[in-house]
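Colleague: Here is my input; please provide its structure:
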Amino acid sequence: MGTPAIEITDVRCVFGSQTVLSNVSLRIAAGETVAIVGESGCGKSVTMKVMMQLLRPTSGRIKWFGNDAETLSTAERQYQRLRLGYLFQGAALFDSLTIYENVAFGMRQTGEQNEQHIRQTVLERLDEVGLSQDIVSKRPSEISGGMQKRVGLARALALSPDVMFYDEPTTGLDPVNSRRIDDLIHSVRQSRGVTGIIVTHDLRTVRRVADRVVMLYPRNKLQNDVEQIIFDGSLTELAESPDERVHEYIGDEFDTNTPGEAATENRPPLLKSA
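Modeller: Next up, the predicted model:
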(Lines give C-alpha, C1' and ligand atoms only; values in the text may rest on other atoms or scores of the structure.)
Protein backbone atom coordinates (compact mmCIF):
# COMPACT_ATOMS: atom_id res chain seq x y z
CA MET A 1 0.00 0.00 0.00
CA GLY A 2 3.04 2.29 0.16
CA THR A 3 4.03 4.68 2.90
CA PRO A 4 1.03 6.02 4.85
CA ALA A 5 0.49 9.77 4.77
CA ILE A 6 -0.24 9.74 8.50
CA GLU A 7 0.34 6.94 10.99
CA ILE A 8 -0.20 6.78 14.74
CA THR A 9 0.83 3.77 16.81
CA ASP A 10 -0.19 2.82 20.36
CA VAL A 11 -1.24 6.39 21.15
CA ARG A 12 -2.39 7.03 24.70
CA CYS A 13 -3.73 10.37 25.98
CA VAL A 14 -4.42 10.96 29.65
CA PHE A 15 -5.71 14.24 31.07
CA GLY A 16 -5.50 14.21 34.85
CA SER A 17 -7.30 11.07 35.92
CA GLN A 18 -9.18 10.69 32.63
CA THR A 19 -7.90 8.42 29.86
CA VAL A 20 -9.31 9.68 26.54
CA LEU A 21 -7.28 7.50 24.17
CA SER A 22 -5.66 4.18 24.96
CA ASN A 23 -3.39 2.29 22.57
CA VAL A 24 -5.01 3.69 19.42
CA SER A 25 -3.27 2.81 16.16
CA LEU A 26 -4.31 4.09 12.76
CA ARG A 27 -2.79 4.26 9.27
CA ILE A 28 -4.10 6.76 6.70
CA ALA A 29 -3.07 5.93 3.15
CA ALA A 30 -2.06 8.72 0.79
CA GLY A 31 -5.00 9.90 -1.29
CA GLU A 32 -7.82 8.38 0.72
CA THR A 33 -10.57 10.23 2.59
CA VAL A 34 -11.20 8.90 6.08
CA ALA A 35 -14.05 9.95 8.36
CA ILE A 36 -13.50 9.57 12.11
CA VAL A 37 -16.84 9.23 13.87
CA GLY A 38 -18.25 8.31 17.25
CA GLU A 39 -20.28 9.76 20.08
CA SER A 40 -19.20 12.87 21.99
CA GLY A 41 -16.27 12.24 24.31
CA CYS A 42 -14.85 9.28 22.40
CA GLY A 43 -11.63 11.10 21.46
CA LYS A 44 -12.19 12.04 17.82
CA SER A 45 -10.85 15.58 18.05
CA VAL A 46 -8.01 14.48 20.33
CA THR A 47 -7.00 11.89 17.73
CA MET A 48 -6.92 14.56 15.02
CA LYS A 49 -4.88 16.94 17.18
CA VAL A 50 -2.40 14.18 17.98
CA MET A 51 -2.03 13.43 14.26
CA MET A 52 -1.16 17.07 13.64
CA GLN A 53 0.99 17.27 16.77
CA LEU A 54 -1.13 20.12 18.05
CA LEU A 55 -1.36 17.88 21.11
CA ARG A 56 1.40 15.64 22.42
CA PRO A 57 0.18 12.22 23.50
CA THR A 58 1.06 10.73 26.87
CA SER A 59 2.70 7.92 24.94
CA GLY A 60 2.77 6.54 21.41
CA ARG A 61 4.29 7.34 18.06
CA ILE A 62 3.28 9.64 15.19
CA LYS A 63 4.65 9.48 11.66
CA TRP A 64 4.19 12.00 8.86
CA PHE A 65 4.87 10.57 5.40
CA GLY A 66 6.96 7.79 6.91
CA ASN A 67 9.03 10.07 9.17
CA ASP A 68 8.87 9.89 12.96
CA ALA A 69 7.52 13.34 13.86
CA GLU A 70 9.26 13.36 17.24
CA THR A 71 12.76 12.93 15.81
CA LEU A 72 12.56 15.51 13.02
CA SER A 73 14.83 18.52 13.19
CA THR A 74 13.17 21.89 13.73
CA ALA A 75 13.59 22.82 10.07
CA GLU A 76 12.32 19.47 8.81
CA ARG A 77 9.38 19.53 11.20
CA GLN A 78 8.40 22.97 9.91
CA TYR A 79 8.64 21.77 6.31
CA GLN A 80 6.58 18.65 6.98
CA ARG A 81 3.97 20.61 8.95
CA LEU A 82 3.38 22.86 5.94
CA ARG A 83 2.21 19.73 4.10
CA LEU A 84 -0.71 19.54 6.54
CA GLY A 85 -3.75 21.77 6.10
CA TYR A 86 -6.46 22.34 8.70
CA LEU A 87 -10.05 23.55 8.34
CA PHE A 88 -11.17 24.62 11.80
CA GLN A 89 -14.69 23.95 13.04
CA GLY A 90 -15.51 27.67 13.20
CA ALA A 91 -13.31 28.61 10.20
CA ALA A 92 -11.08 30.57 12.67
CA LEU A 93 -10.65 33.57 10.41
CA PHE A 94 -8.94 36.69 11.74
CA ASP A 95 -11.72 39.23 12.35
CA SER A 96 -9.41 42.23 11.93
CA LEU A 97 -8.17 41.12 8.50
CA THR A 98 -9.93 41.24 5.15
CA ILE A 99 -10.80 38.06 3.31
CA TYR A 100 -7.82 38.69 1.03
CA GLU A 101 -5.41 39.02 3.95
CA ASN A 102 -6.87 35.95 5.64
CA VAL A 103 -6.21 33.77 2.61
CA ALA A 104 -2.76 35.32 2.11
CA PHE A 105 -1.84 34.92 5.78
CA GLY A 106 -0.17 31.50 5.55
CA MET A 107 1.89 32.47 2.52
CA ARG A 108 3.15 35.60 4.23
CA GLN A 109 4.01 33.62 7.38
CA THR A 110 6.17 31.26 5.34
CA GLY A 111 8.13 34.15 3.89
CA GLU A 112 6.47 34.63 0.51
CA GLN A 113 7.17 38.21 -0.62
CA ASN A 114 6.14 38.18 -4.26
CA GLU A 115 2.92 40.18 -4.08
CA GLN A 116 1.90 39.27 -7.60
CA HIS A 117 2.17 35.58 -6.77
CA ILE A 118 0.28 36.08 -3.50
CA ARG A 119 -2.56 37.89 -5.27
CA GLN A 120 -2.79 35.30 -8.02
CA THR A 121 -2.87 32.46 -5.47
CA VAL A 122 -5.50 34.16 -3.29
CA LEU A 123 -7.83 34.75 -6.23
CA GLU A 124 -7.31 31.24 -7.62
CA ARG A 125 -8.02 29.60 -4.25
CA LEU A 126 -11.14 31.70 -3.70
CA ASP A 127 -12.35 30.73 -7.16
CA GLU A 128 -11.56 27.10 -6.41
CA VAL A 129 -13.92 27.15 -3.41
CA GLY A 130 -16.63 28.92 -5.39
CA LEU A 131 -16.17 32.49 -4.17
CA SER A 132 -15.80 35.58 -6.35
CA GLN A 133 -13.34 38.46 -6.13
CA ASP A 134 -16.15 40.68 -4.85
CA ILE A 135 -15.52 39.60 -1.25
CA VAL A 136 -11.76 40.17 -1.02
CA SER A 137 -12.09 43.53 0.77
CA LYS A 138 -14.81 42.36 3.17
CA ARG A 139 -14.26 41.33 6.78
CA PRO A 140 -15.30 37.85 7.99
CA SER A 141 -18.28 39.37 9.86
CA GLU A 142 -19.65 40.65 6.57
CA ILE A 143 -20.06 37.23 4.96
CA SER A 144 -22.15 34.19 5.88
CA GLY A 145 -21.01 31.21 7.95
CA GLY A 146 -20.93 29.01 4.88
CA MET A 147 -18.74 31.49 3.04
CA GLN A 148 -16.44 31.77 6.06
CA LYS A 149 -15.91 27.99 5.97
CA ARG A 150 -15.00 28.22 2.30
CA VAL A 151 -12.57 31.08 2.96
CA GLY A 152 -10.98 28.94 5.68
CA LEU A 153 -10.56 26.14 3.16
CA ALA A 154 -9.10 28.56 0.59
CA ARG A 155 -6.57 29.72 3.21
CA ALA A 156 -5.50 26.13 3.88
CA LEU A 157 -5.28 25.27 0.17
CA ALA A 158 -3.12 28.33 -0.53
CA LEU A 159 -0.17 26.38 0.91
CA SER A 160 -0.88 23.34 -1.32
CA PRO A 161 -1.09 20.75 1.49
CA ASP A 162 -0.78 17.03 0.88
CA VAL A 163 -3.14 16.23 3.77
CA MET A 164 -6.25 18.16 4.81
CA PHE A 165 -7.77 17.84 8.27
CA TYR A 166 -11.43 18.84 8.52
CA ASP A 167 -12.79 19.44 12.03
CA GLU A 168 -16.60 19.19 11.98
CA PRO A 169 -16.70 20.95 8.57
CA THR A 170 -20.50 21.20 8.30
CA THR A 171 -21.42 21.98 11.91
CA GLY A 172 -23.80 24.95 12.12
CA LEU A 173 -24.44 25.09 8.38
CA ASP A 174 -27.78 24.75 6.61
CA PRO A 175 -28.26 21.79 4.22
CA VAL A 176 -27.32 23.81 1.13
CA ASN A 177 -24.03 25.03 2.57
CA SER A 178 -23.33 21.64 4.14
CA ARG A 179 -23.62 20.09 0.70
CA ARG A 180 -21.31 22.75 -0.73
CA ILE A 181 -18.63 21.95 1.82
CA ASP A 182 -19.00 18.22 1.13
CA ASP A 183 -18.66 18.91 -2.60
CA LEU A 184 -15.51 20.92 -1.95
CA ILE A 185 -13.94 18.18 0.17
CA HIS A 186 -14.62 15.77 -2.66
CA SER A 187 -13.35 18.09 -5.40
CA VAL A 188 -10.14 18.87 -3.47
CA ARG A 189 -9.41 15.16 -3.35
CA GLN A 190 -10.29 14.63 -7.03
CA SER A 191 -8.37 17.61 -8.41
CA ARG A 192 -5.35 17.58 -6.09
CA GLY A 193 -5.12 14.01 -4.78
CA VAL A 194 -5.17 15.41 -1.25
CA THR A 195 -5.53 12.97 1.64
CA GLY A 196 -8.57 13.90 3.74
CA ILE A 197 -9.16 13.22 7.45
CA ILE A 198 -12.58 14.34 8.68
CA VAL A 199 -13.91 14.45 12.21
CA THR A 200 -17.68 14.74 12.01
CA HIS A 201 -21.03 13.88 13.55
CA ASP A 202 -22.74 14.44 10.21
CA LEU A 203 -23.42 11.05 8.67
CA ARG A 204 -24.55 12.74 5.43
CA THR A 205 -21.01 14.06 5.05
CA VAL A 206 -19.68 10.57 5.75
CA ARG A 207 -21.90 9.13 3.02
CA ARG A 208 -20.95 11.75 0.48
CA VAL A 209 -17.17 11.96 0.82
CA ALA A 210 -15.62 9.11 2.81
CA ASP A 211 -13.81 6.10 1.35
CA ARG A 212 -13.35 4.68 4.80
CA VAL A 213 -14.91 5.14 8.23
CA VAL A 214 -13.17 4.76 11.59
CA MET A 215 -15.42 4.67 14.66
CA LEU A 216 -14.11 5.31 18.14
CA TYR A 217 -15.88 4.38 21.36
CA PRO A 218 -15.46 6.23 24.68
CA ARG A 219 -12.63 4.73 26.69
CA ASN A 220 -14.63 4.95 29.93
CA LYS A 221 -17.28 2.65 28.47
CA LEU A 222 -14.80 -0.08 27.60
CA GLN A 223 -12.90 -2.67 29.55
CA ASN A 224 -9.14 -2.19 29.58
CA ASP A 225 -8.38 -4.93 27.07
CA VAL A 226 -11.04 -3.90 24.52
CA GLU A 227 -10.07 -2.02 21.35
CA GLN A 228 -11.17 1.62 21.30
CA ILE A 229 -11.55 1.60 17.52
CA ILE A 230 -14.68 -0.54 17.23
CA PHE A 231 -15.03 -0.19 13.45
CA ASP A 232 -12.66 0.46 10.55
CA GLY A 233 -13.92 -0.18 7.05
CA SER A 234 -15.97 0.94 4.06
CA LEU A 235 -19.43 2.49 4.06
CA THR A 236 -20.95 -0.80 2.95
CA GLU A 237 -19.21 -2.63 5.77
CA LEU A 238 -20.40 0.05 8.19
CA ALA A 239 -24.02 -0.47 7.14
CA GLU A 240 -23.65 -4.24 7.50
CA SER A 241 -21.69 -4.26 10.76
CA PRO A 242 -23.10 -6.73 13.32
CA ASP A 243 -21.85 -4.55 16.21
CA GLU A 244 -24.84 -3.13 18.11
CA ARG A 245 -22.81 -0.09 19.14
CA VAL A 246 -22.31 0.76 15.49
CA HIS A 247 -26.02 0.31 14.72
CA GLU A 248 -26.99 2.49 17.65
CA TYR A 249 -24.77 5.27 16.34
CA ILE A 250 -25.73 5.21 12.65
CA GLY A 251 -29.43 4.50 13.21
CA ASP A 252 -31.26 4.24 9.88
CA GLU A 253 -28.96 6.65 8.06
CA PHE A 254 -27.79 3.96 5.65
CA ASP A 255 -31.11 2.18 5.18
CA THR A 256 -32.85 4.46 2.67
CA ASN A 257 -30.24 4.67 -0.08
CA THR A 258 -27.34 2.57 -1.16
CA PRO A 259 -24.42 2.95 1.27
CA GLY A 260 -21.63 5.03 -0.14
CA GLU A 261 -23.71 7.47 -2.12
CA ALA A 262 -21.37 8.63 -4.83
CA ALA A 263 -20.21 12.15 -4.24
CA THR A 264 -19.79 12.67 -7.97
CA GLU A 265 -23.34 11.84 -9.00
CA ASN A 266 -25.77 14.66 -9.78
CA ARG A 267 -23.34 17.18 -8.39
CA PRO A 268 -24.61 20.75 -8.75
CA PRO A 269 -22.09 23.37 -9.85
CA LEU A 270 -20.53 25.43 -7.09
CA LEU A 271 -22.03 28.87 -6.69
CA LYS A 272 -19.89 31.97 -6.61
CA SER A 273 -21.79 33.53 -3.74
CA ALA A 274 -24.16 32.44 -1.02
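
Colleague: List the contacts of V213.
Modeller: V34, A35, V37, V206, F231, D232, G233, S234, L235, L238 (Cβ atoms under 8 Å, 6 or more residues apart in numbering). In this view, the C-beta of every residue, glycine as well, is placed from N, C-alpha and C.

Colleague: Can you flag the buried ones in the residues you listed?
Modeller: V34, A35, V37, V206, F231, D232, L235, L238 (16 or more other Cβ atoms under 10 Å).

Colleague: what about the last one, which SS state?
Modeller: In this case it means L238. helix (DSSP: H, G, I helix; E, B strand; the rest coil).

Colleague: Look up how far I198 lies from it.
Modeller: 14 Å (Cβ to Cβ, to the nearest Å).

Colleague: So what sits opposite the residue nearest the centre of the chain in the bridge?
Modeller: Closest to where the C-alpha atoms of the chain average out (Cα atoms, centre = their mean) is Y166, at 2.0 Å. Counting by DSSP bridges, Y166 forms beta bridges with L87, I198.

Colleague: which stretches of the stretch 51-200 of the chain form helices?
Modeller: 74-81, 99-109, 115-128, 145-157, 175-192 (DSSP state H, counting those that start in this stretch).

Colleague: Next, format those as CSV and append mean pLDDT.
Modeller: Shown next, in CSV, are these (pLDDT from 0 to 100):
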stretch, mean pLDDT
helix 74-81, 88
helix 99-109, 93
helix 115-128, 93
helix 145-157, 91
helix 175-192, 89
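
Colleague: tell me the most buried of those helices?
Modeller: helix 145-157 (a mean of 24; mean count of other Cβ atoms under 10 Å).

Colleague: Is R12 in a helix, a strand, or coil?
Modeller: Here R12 is recorded as strand under three-state DSSP.

Colleague: and it, how many residues sit next to it?
Modeller: When counting by other Cβ atoms under 10 Å, one arrives at 16 neighbours for R12.

Colleague: Any idea what it is bridged to?
Modeller: For R12, the beta-bridge partners under DSSP bridges are S59.

Colleague: before we move on, the earlier item: the residue nearest to the centre of the chain against V199, yeah?
Modeller: Yes. Using Cβ atoms under 8 Å, Y166 is in contact with V199, at 7.1 Å.

Colleague: All good on my end, thank you.
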